[in-house]
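**Student:** Predicted model and sequence follow; I will ask about them next.
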Amino acid sequence: MAEVGSNAPEFKLRAHDGSEISLSQYRGSKWVVISAYPFAFTGG
């Protein structure tokens, strides 16, 4: 689990248009918000 104030680990994901996005693309930005819905589309 990440600690408050620590750096997020590097990761890549696919955007809605199929392009690949990595967290390092935003290095140096003032703010980056990461949001997830772990139970979306699980049917339960």
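**Tutor:** Done, it's in. Residues are numbered from 1 along each chain as shown.

**Student:** Which strand or helix spans the spatially most central residue of the chain?
**Tutor:** Centroid-nearest residue in the chain, with CA atoms, centre = their mean: residue 34, separated by 4.5 Å. Assessed by DSSP states H and E, residue 34 sits outside every helix and strand.

**Student:** Leaving out sequence neighbours, find the closest residue to it.
**Tutor:** residue 8 (6.9 Å; CB to CB, 6 or more residues apart in numbering). Just so you know, the C-beta spots here come from the backbone N, C-alpha and C atoms, and that holds for glycine as well.

**Student:** Give me the neighbour count for the one you found.
**Tutor:** 9 (other CB atoms under 10 Å).

**Student:** pLDDT value on it, please?
**Tutor:** At residue 8, the pLDDT value in this model is 83.

**Student:** What spatial separation is found between it and residue 25?
**Tutor:** 13 Å (CB to CB, to the nearest Å).

**Student:** The helix or strand of the chain with the lowest mean pLDDT: what's the following helix or strand?
**Tutor:** Least confident helix or strand of the chain, by mean pLDDT, DSSP states H and E, is strand 12-14 with a mean of 90. As assigned by DSSP H and E, the chain's next helix or strand after strand 12-14 is strand 20-22.

**Student:** ok, and what's touching that next one?
**Tutor:** Residues from elsewhere that reach strand 20-22, judged by CB atoms under 8 Å, 6 or more residues apart in numbering: 10, 11, 12, 13, 14, 15.

**Student:** Next, format those residues as a markdown table and append distance to residue 29.
**Tutor:** Below are these laid out as a markdown table (distance: CB to CB, whole Å):
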| residue | distance to residue 29 |
| --- | --- |
| 10 | 15 |
| 11 | 16 |
| 12 | 17 |
| 13 | 17 |
| 14 | 20 |
| 15 | 16 |
